[in-house]
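A.B. asks: pasting the sequence and the predicted coordinates here, then a few questions.
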Amino acid sequence: MRIATYNVNGVNGHLPVLLQWLHETSPDVACLQELKAPQERFPLDAINAAGYHALWHGQKSWNGIAILSKGGPATEIRRILPGDDQDEQSRYLEATINNIVIGCLYLPNGNPAPGPKFDYKLRWMDRFIQHTATLQASGKPVVLTGDYNVIPDEQDVYKPERWVDDALFRPETRAAFQHLLKQGWTDALRKLYPDETIYTYWDYFRNAYQRNAGLRIDHFLLNDKLEKRLLSAGVDKNVRGWEKSSDHAPVWIELKEE
DNA sequence: ATGCCGTGGAAACCACGA
């Protein structure tokens, strides 16, 4: 079973690239972030025509997440991260597919830091950590995937010294990510490739992709039940080089069937 | 290395992203 994550940076603006990628790699599940479309403007017909069911939570202009599935429809669990009734941003969607709990997230960017956006990011991470503790306690197989907007370590950024004050790399952000891992989650790509340079995002300008000046910010966290089934993982780096691509590349894992 | 590009939406620019 292949599960993928892809920050599409506008599901309508980059629809041809999304469809081409689905056609070429055919993941069983695809978690999408940054739809940048209101609920009624999700391109359901095109997604269905590509062979996928879809759950999504849109929002006008910003954010928005979706879970696409090929074998059958996913069963929605929640479309809001618990812990703040005032939070209107579409950043979390959770569903069950083949008995696996799949959390699709678009964690806040948080820049500029310090400031209210960074405060919101840290509060969001606190809420997420609270919620993932309950997922750990559930005893079910769980995968948490998406755009974390977290550079976990120096090896995950082309020039770490330039990012020390950035919301993606600040000590508070990395500490919160470490707190998450201490709950028992495994960073799937880092587990399989402990020493390799792996990037999932390249800026649109300064020829970042051509220079491989990237960041690793899209992650797969697995609980023990799924870590035992992890077969392989990778980044579809070539997709970032396509015409009219998102600034992120898709990331995927392959799980052993039960 | 500072949004220099790109998207979406509202208004011929602005917010936002990382």
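C.D. replies: Good, I have the coordinates. Quick caveat: nothing in here was measured; it's all calculated off a predicted structure.
A.B. asks: what are the buried residues along the worst-scoring helix or strand of chain A on mean pLDDT?
C.D. replies: Of all helical and strand segments in chain A, the minimum by mean pLDDT, DSSP states H and E falls on helix A:208-211, at a mean of 94. Using 16 or more other C-beta atoms under 10 Å as the test for burial, helix A:208-211 gives A:208-209. Yep, even glycine has a C-beta here, placed from its N, CA and C like the rest.
A.B. asks: check stretch A:203-216 too.
C.D. replies: Buried residues in stretch A:203-216, counted by 16+ other C-beta under 10 Å: A:208-209, A:213-216.
A.B. asks: rewinding a little: check which element follows the least confident helix or strand of chain A along the chain.
C.D. replies: Per DSSP states H and E, the first helix or strand lying C-terminal to helix A:208-211 is strand A:214-215.
A.B. asks: helices of the stretch 151-258 of chain A, start to end?
C.D. replies: A:171-182, A:188-192, A:208-211, A:224-227 (DSSP state H, counting those that start in this stretch).
A.B. asks: show me the contacts for the spatially most central residue of chain A.
C.D. replies: When C-alpha atoms, centre = their mean is applied to chain A, the residue found nearest the centroid is A:G146 (0.8 Å). Contact analysis of A:G146 by C-beta atoms under 8 Å, 6 or more residues apart in numbering lists A:5, A:7, A:31, A:33, A:65, A:103-107, A:218-219.
A.B. asks: got it, and A:Y106?
C.D. replies: Listed by C-beta under 8 Å, 6+ apart, the contact set of A:Y106 reads A:7, A:33-34, A:63-65, A:90-92, A:146-147.
A.B. asks: what pairs with it across the strands?
C.D. replies: Applying DSSP bridges to A:Y106 gives these bridge partners: A:D147.
A.B. asks: which parts of the stretch 1-150 of chain A sit against DNA strand B?
C.D. replies: Residues of the stretch 1-150 of chain A lying close to DNA strand B (C-beta under 7 Å from any atom of the strand) are A:7, A:9-14, A:34, A:36-38, A:41, A:60-62, A:108-109, A:111-112, A:117, A:147, A:149.
A.B. asks: near DNA strand B, which residues of the stretch 151-258 of chain A?
C.D. replies: A:162, A:166-168, A:201, A:203-206, A:215, A:217, A:244, A:247.
A.B. asks: still on that earlier bit, out of the helices of the stretch 151-258 of chain A, deepest packed?
C.D. replies: Highest mean neighbour count among the helices of the stretch 151-258 of chain A (mean count of other C-beta atoms under 10 Å): helix A:188-192, with a mean of 19.
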